[in-house]
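quick check, what structure comes out for this input:
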Amino acid sequence: MTIDAPLNATHDPAARSWLASANLPETDFPIQNLPFGLFEHGGRVRGGVALGDCVIDLAALADSGLLRGDGALTAAKAASGETLAPLLACAPADVSVLRAELSQLFREGGGADRSVLQPMLVPLADVTLRLPVRPPAFTDFCTSYDHIARMGRKTPGLAALSLPVAYNGRASSVAVSGTPVHRPLGQFETAPGSGEVRFGAEPMLDFELEFGAWLRGGNAPGQPLTMAEAEQALFGCCLVNDWSARAIQFFESILGPYLGKSFLTTVSPWIVTMEALAPFRVAARGRDEGEPALARHLRDPADIAGGGLAIELTAELAAPGLAPQRIVRTNTRDLYWTLAQMVAHQTSNGTPIDTGDLIATGTVSGPEDESRACLAEITLGSGVPITLSDGSTRTMLEDGDILTIRGRATRDGFVPIGFGECAGAIHPARSVA
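Okay, the predicted model is just below:
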């Protein structure tokens with residue numbers, strides 16, 4: 001197996017765009033990124049690529065005659081409709097060629113006619129970002145050693161150390177950043193051990209800072225993917241907030257997560273390709289003495305050497321009337337399992353994956369206190385609430401709060417890239433008739 005994203009000209013740290021906003025140090029979308037998304041403008045929904053403070057209209061570009069390679073034109077046309085699913089189904093080489101041509105067209109010294117390209121740039125401030133793909137399926141894994149240990153208050157069990165455990169989530173409630181988060185209704189015990197059960201608004205609303213991957217179709221029913229094939233199935237990545245109704249979840253979890261998790265999962269709108277993330281690959285987490293060795297179907301030298309990702313993730317909490325304050329800083333490099341291992345294990349029993357399937361890592365918690373990536377770890381685990389700037393406190397999320405997740409991939413010698421925000425505002429529960 002080889003990691004499917006060798007360094008190429010699109011990663012050149014010296015490259016600069018003639019669009020000035022793409023060169024600002026704080027931008028998530030320099031010319032080295034070029035993530036795909038779906039946007040609405042002028043009453044029409046179509047695919048685009050983020051660059052600085054604009055989105056490149058791929059439908060307009062496909063019609064312009066400026067794309068030279070057949071593969072680039074194929075990929076641009078595939079991304080021109082009301083879903084990016086056809087783009088995810090494209091040959092990886094076609095998507096790579098499109099990124100290369102975009103890099104050339106929009107970089108300084110690339111030789112393109114800016115007066116022709118300028119009308120294809122739509123300010124992000126003028127568009128509405130949409131869910132890039134309606135996922136046929138959503139699988140949420142639990143791949144953080146530290147999250148499992150804190151939530152169970154013990155060393156993770158043998159199963160969690162032997163395989164990337166997961167549950168099949170609710171694909172229909174996956175929504176794009178900015179979608180309102182209505183406090184769910186459900187059944188829960190009024191107090192632990194009270195024996196009193198009521199139906200009402202969730203009293204312990206939580207977030208989970210997660211990382212996700214959008215998949216290409218990969219296997220027929222009954223045919224597992226090898227690790228090499230699992231790597232090829234990874235199209236690109238996003239940020240994920242798997243909102244959690246803790247009281248409902250803790251009461252109902254006999255067979256696993258159900259209504260406590262299925263009411264909403266928020267994702268960032270941009271898909272950052274695995275090619276763009278190539279400079280930020282790192283070694284997978286090793287196994288300590290006494291931990292189970294990797295199972296045969298999850299063991300691959302290339303994945304061990306470079307199957308991980310180093311992406312700093314943060315969560316900010318903004319209470320009504322207060323400025324946002326960071327409450328989490330963690331990193332994907334601490335995950336116990338790689339994305340390819342998650343995909344390979346999911347298919348190991350013959351389960352097929354479809355184009356547009358979404359997987360998430362589960363809560364990305366690390367060993368440090370600031371890397372506790374949900375309130376259940378931060379406040380319930382420690383017994384200490386979060387103190388806000390006005391002196392008020394939070395144990396769980398309250399109505400009016402806004403929770404925003406951000407991601408940043410950095411490495412010396414390369415231009416940092418980001419994912420855009422993954423945000424949601426908490427709204428009161430809907431009334432029951």
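
show me the shaky parts of the chain.
1-5, 153-154, 433 (pLDDT under 70).

elements contacting the longest helix seen in it?
Secondary structure of the chain per DSSP state H: the longest helix is helix 92-105. On a contact count with 3 or more Cβ pairs under 8 Å, 6 or more residues apart in numbering; DSSP states H and E, helix 92-105 meets helix 70-78. In short, each C-beta sits where N, CA and C put it, glycine included.

give me the contacts around the following helix or strand past the helix it packs on.
Next along the chain after helix 70-78, taking DSSP states H and E as the criterion, comes helix 85-88. By Cβ atoms under 8 Å, 6 or more residues apart in numbering, the residues outside helix 85-88 that reach it are 36, 47, 75, 78-79, 95, 133-134, 214-217, 235, 355-356.

just the buried residues of those residues.
Buried positions within the contacts of helix 85-88, assessed by neighbour count (16 or more other Cβ atoms under 10 Å), are 36, 47, 75, 78-79, 95, 133, 214-217, 235, 355-356.

can you add secondary structure and give those residues back as a markdown table?
Compiled in a markdown table, the buried ones among the contacts of helix 85-88 are given as follows (DSSP: H, G, I helix; E, B strand; the rest coil):
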| residue | secondary structure |
| --- | --- |
| 36 | strand |
| 47 | strand |
| 75 | helix |
| 78 | helix |
| 79 | coil |
| 95 | helix |
| 133 | coil |
| 214 | strand |
| 215 | strand |
| 216 | coil |
| 217 | coil |
| 235 | strand |
| 355 | coil |
| 356 | coil |
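
of all those residues, which comes closest to residue 286?
Nearest to residue 286 among the buried ones among the contacts of helix 85-88: residue 215, at 26.0 Å, using Cβ to Cβ.

next one: the residue lying closest to that closest one once chain neighbours are set aside from residue 157, what distance?
With sequence-adjacent residues excluded and distances taken as Cβ to Cβ, 6 or more residues apart in numbering, residue 215 is closest to residue 357, at 4.4 Å. According to Cβ to Cβ, to the nearest Å, residue 357 and residue 157 sit 27 Å apart.

higher neighbour count, those two?
Neighbour count, other Cβ atoms under 10 Å: between residue 357 and residue 157, residue 357 has more, with 25 against 11.

ok, back up a step: touching, the residue nearest to residue 215 and residue 169? I think so.
No: the criterion here is Cβ atoms under 8 Å, and residue 357 misses it with residue 169 at 10.9 Å.

intersection of neighbour lists for these two?
138, 139.

so residue 316: helix, strand or coil?
Residue 316 - assigned by three-state DSSP - is strand.

likewise residue 161?
Relying on three-state DSSP, one would call residue 161 helix.

where do the helices of the stretch 1-150 of the chain begin and end?
58-64, 70-78, 85-88, 92-105, 114-117, 145-152 (DSSP state H, counting those that start in this stretch).

hang on, the earlier thing: please tell me how far the residue nearest to residue 215 sits from residue 308.
21 Å.

tell me where the stretch 251-400 of the chain has helices.
259-262, 301-306, 339-346, 375.

give me the contacts around the first one.
Meaning helix 259-262. Taking Cβ under 8 Å, 6+ apart as the rule, helix 259-262 contacts 140, 167, 169-170, 173, 184, 186, 242-250, 252-253.

can you flag the buried ones in these?
For those, buried by 16+ other Cβ under 10 Å: 140, 167, 169-170, 184, 186, 242-249, 252.

out of the residues you listed, name the ones that lie in helices.
Reading helices off those with DSSP H, I get 246, 247, 248, 249, 252.

can you put these in JSON lines and add distance to residue 120?
Below are these laid out as JSON lines (distance: Cβ to Cβ, whole Å):
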{"residue": "246", "distance to residue 120": "46"}
{"residue": "247", "distance to residue 120": "49"}
{"residue": "248", "distance to residue 120": "47"}
{"residue": "249", "distance to residue 120": "46"}
{"residue": "252", "distance to residue 120": "49"}
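
what residues are up against the residue nearest to residue 353 when sequence neighbours are not counted?
Spatial nearest neighbour of residue 353, excluding adjacent residues (Cβ to Cβ, 6+ apart): residue 218 at 4.8 Å. Counting by Cβ under 8 Å, 6+ apart, residue 218 touches 225, 229, 230, 232, 233, 343, 347, 352, 353.

out of those, grab the one that's most surrounded.
residue 230 (31 neighbours).

my guess is that residue is in a helix, correct?
Yes: applying three-state DSSP, one finds residue 230 inside a helix.

any idea how far it lies from residue 267?
For residue 230, the distance to residue 267 - Cβ to Cβ - is 21 Å.

for the closest residue to residue 8 other than its chain neighbours, what are its contacts?
Nearest non-adjacent residue to residue 8, counting by Cβ to Cβ, 6+ apart: residue 100, 7.1 Å away. Contact analysis of residue 100 by Cβ under 8 Å, 6+ apart lists 8, 9, 10, 72.

which one among those gets closest to residue 315?
residue 10 (29.6 Å).

give me the neighbour count for the closest one.
Counted with other Cβ under 10 Å, residue 10 comes out at 22.

for it, give its distance to residue 418.
Residue 10 is 16 Å from residue 418, by Cβ to Cβ.

any idea how this structure splits into domains?
9-130, 138-427 (automatic domain parsing).

for the longest one, what is the distance to the chain centroid?
Per Cα atoms, centre = their mean, to the nearest Å, the displacement of domain 138-427 from the mean C-alpha position of its chain is 9 Å.

you'd agree residue 425 is up against residue 404?
No: Residue 425 is beyond contact range of residue 404, at 9.6 Å (criterion: Cβ under 8 Å).

between these two, which has more neighbouring residues?
Set residue 425 next to residue 404 and count neighbours by other Cβ under 10 Å: residue 404 wins out with 20 against 16.

the more buried one should be in a strand, yeah?
Yes: checked against three-state DSSP, residue 404 lies within a strand.

next up, the contacts around it.
315, 316, 318, 324, 421, 422, 423.

nearest spatial neighbour of it, chain-adjacent residues omitted?
residue 423 (4.1 Å).

which SSE is the one you found in?
Using DSSP H and E, residue 423 falls in strand 422-427.

picking that back up, would you turn the contacts of residue 100 into TSV with distance to residue 17?
Converted to TSV, those look like this (distance: Cβ to Cβ, whole Å):
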residue	distance to residue 17
8	17
9	14
10	12
72	18
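
out of those, which is nearest to residue 180?
Relative to residue 180, and with distances defined as Cβ to Cβ, the nearest of the contacts of residue 100 is residue 10, at 36.3 Å.

before I go, just wanted to say thanks for your time.
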